[in-house]
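Novice: quick one, fold the following:
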Amino acid sequence: MIKILLVDDAKNIVLVVKKCLEKQGYEVVTAREGLSAIKKAQKVEPDLILLDIILPKMNGFLVFEAIKEDPKTKNIPVIILSAKSEKEDLDKAMSLGAKDYLVKPIKKKDLIQSVRIVLKEENINEK
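Specialist: Reported below is the predicted structural model:
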């Protein structure tokens with residue numbers, strides 16, 4: 001089963017996104033803040049990470065950098081889910097290697113489409 005790590009501190013978003021992805025057949029693991037997200041990424045080795053930028057203690061960009069610096073997690077694709085819609089945030093996410101950047105509120109069909117595209121690309125790249 002494909003595992004997705006969902007990192008967001010907003011309880012309602014976590015519930016909605018988790019339920020949406022589980023209905024599509026994905027296993028969803030969640031983290032509510034940066035340090036636990038990094039630890040879970042190392043432990044679970046998800047196929048994809050959905051990452052918010054605005055997080056308590058450690059912002060999503062720092063989490064992303066830590067994930068990309070770790071040999072065990074550096075190849076996990078990341079999709080940013082954020083309320084931040086400024087161009088500099090998008091540019092920074094893309095420069096770090098984000099596969100997509102979805103601005104909240106996110107439509108379920110857009111989320112599912114992005115997840116499917118990124119996972120399909122990763123499977124093609126591994127062959």
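Novice: quick one: secondary structure of the residue nearest the centre of the chain?
Specialist: In the chain, the residue lying closest to the centroid (Cα atoms, centre = their mean) is residue 50, at 1.4 Å. Classification of residue 50 using DSSP: H, G, I helix; E, B strand; the rest coil returns strand.
Novice: where's the residue lying closest to it once chain neighbours are set aside, which helix or strand?
Specialist: Leaving aside its chain neighbours, residue 50 sits nearest to residue 6 (4.8 Å; criterion: Cβ to Cβ, 6 or more residues apart in numbering). For every residue, glycine as well, the C-beta is placed using N, CA and C. Per DSSP states H and E, residue 6 falls inside strand 3-7.
Novice: please apply the same query to residue 14.
Specialist: Using DSSP H and E, residue 14 maps to helix 11-23.
Novice: buried set for that helix?
Specialist: 13-14, 17-18, 20-21 (16 or more other Cβ atoms under 10 Å).
Novice: reformat those residues as a markdown table; add pLDDT.
Specialist: What follows is these, written out as a markdown table (pLDDT from 0 to 100):
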| residue | pLDDT |
| --- | --- |
| 13 | 94 |
| 14 | 96 |
| 17 | 97 |
| 18 | 98 |
| 20 | 97 |
| 21 | 98 |
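Novice: tell me the one among these nearest to residue 46.
Specialist: residue 21 (11.5 Å; Cβ to Cβ).
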